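Visitor: Sequence first, then the predicted structure, then my questions.
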Amino acid sequence: MKQLYILAAMLLVSVSAAAQDGRSLYNKYSDNANVEAVYISPAMFRLIGKIPDMEVEDGSVNLGPIIKSLSGLYILSIKEDRIAEELADDVNRFIKKGQYELLMEAKDNGEVMRMYTVGDDFVVNSFVMLARQGDEVDFICLDGTMPRDQLEALIAEATKN
Amino acid sequence: MKTIDEITRLSAEDLERVSLDESIPVPEELSGKVREAVTRADEAAARTHRLRWTLPATGIAAAVAILVTIGLTRNPEPKDTFDDPYLAYAEVEKVFSRISGAVAYGAEKVNESEQTLEKYAYWK
C-alpha cells in the first residue's frame, strides 16, 4: 500500500513538472497587452518538412535537418517592465525544474542573453534563449529532437562570422 | 441434537472427541455441505483480498486521470500563429538568424575580452 502511495506521489510530481514547459509560459503570457507571441505547432512543422527542396543556408550550415527535427516553437517578446520581470522569473524557474544546462551567457551594460539546452550527447530535446535588454525580454523555446552536432555546427558557424 | 451456540462453546478437545465418536450418526450430505461452505468462504476471502488492492488502485488511477485532464485543460495547445507553412518556415529562419546573431554577439564579447587581456599582458 505504501508503495502505491509513493507511486501516486511520483505521478503527481511528474504531472505538475510536465505543466512547466514552453507551452505553459506561452499560454500564460501570449494574451497580455505589449506582448508579441509566435507559436508554431508540431503539425505545422510536419507541413514545413514537406516543403519540397528545403534548402536553408546560413553560412555553410544547412538548417534543413534541424528545422525538420523541430516539434514546437514558442516566442514571447515583452516590452513592459513588470510582465517582463515576471516572465524572466518564470523562465528561470522552468529552466531549473527542467534541468536545462547553460550553453552560453553574455552580459553587457545590463543586457543579458542566456542559452540553455536539455537532452543527451546526441540529441537536444529543448533549446531556450532568454534575452533581456532594458525593460524588454525575449524568450525563444524550441522543442524537438535536434541533432546536437548540427546545432553546435550552427553555433560554431555563427561565432566565425 | 446440540444447538450452534452449544457447539461453538465446546473446547477443541471436546470437538475432537465428538468427531472421533463413531456412535454419533453423520448425515450423508454433511461432507458435501461442509466442502461447499469452505469453498464459499474461500471465494469471499479472495474477493475481499482483490477489493483491498483494487479500490486504492482504482482511486489512484482516477486521481491521475483527473490531474491529467486538469493539466490538459489548463494548458491547452495554443493556436498556430501561421496558417501558411511558408510563412512559418520564414519565421523559423528568422529565429535561427536571431540565435546566430546572439551567439555571434557573445563571441564578439569573448574576443573583446581576449584583446583587453592581451593589451594588459603587453603593458605589464
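Guide: Sure thing, it's come through.
Visitor: Report the separation between residue A:100 and residue A:50.
Guide: Distance check for residue A:100 against residue A:50: by Cβ to Cβ, to the nearest Å, it reads 31 Å. Every C-beta, even on glycine, is put in place using the N, C-alpha and C of the backbone.
Visitor: who's more crowded, these two?
Guide: When residue A:100 and residue A:50 are compared for neighbours, residue A:100 comes out ahead with 20 against 9, by other Cβ atoms under 10 Å in any protein chain shown.
Visitor: Need phi/psi at that one.
Guide: Backbone torsions for residue A:100, taken as degrees, to the nearest 10, come to phi -70, psi 150.
Visitor: ok, so what distance separates it from residue B:5?
Guide: Applying Cβ to Cβ to residue A:100 and residue B:5 gives a distance of 74 Å.
Visitor: quick one: terminal-to-terminal distance for stretch A:34-51?
Guide: In stretch A:34-51, first residue to last residue: 33 Å (Cα to Cα, to the nearest Å).
Visitor: What residues of it count as buried?
Guide: Residues of stretch A:34-51 classed as buried by neighbour count (16 or more other Cβ atoms under 10 Å in any protein chain shown): A:35, A:37-41, A:44-45, A:47-48.
Visitor: before we move on, what about stretch A:126-146?
Guide: A:126-132, A:137-144, A:146.
Visitor: Tell me the one of these nearest residue A:110?
Guide: residue A:132 (8.1 Å; Cβ to Cβ).
Visitor: Wait, a strand at the closest one?
Guide: Yes: counting by DSSP: H, G, I helix; E, B strand; the rest coil, residue A:132 falls inside a strand.
Visitor: That one pairs with what?
Guide: residue A:112, residue A:137 (DSSP bridges).
Visitor: So in that sheet, which strands flank the helix or strand harbouring residue A:72, and in what orientation?
Guide: For residue A:72, the host element (DSSP states H and E) is strand A:70-78. Strands adjacent to strand A:70-78 in the sheet, as given by DSSP bridges, are strand A:35-40 (antiparallel), strand A:136-147 (antiparallel).
Visitor: May I have that strand as CSV, with CA atoms only?
Guide: The C-alpha coordinates for strand A:70-78 follow below in CSV (Å, rounded to 0.1, in the frame of the first residue of the first chain):
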residue,chain,number,x,y,z
LEU,A,70,11.5,20.5,-34.5
SER,A,71,8.2,19.8,-32.9
GLY,A,72,7.3,23.2,-31.4
LEU,A,73,8.4,26.8,-31.3
TYR,A,74,7.3,29.4,-28.8
ILE,A,75,8.4,33.0,-29.0
LEU,A,76,7.4,35.7,-26.5
SER,A,77,8.6,39.3,-26.7
ILE,A,78,7.6,41.5,-23.9
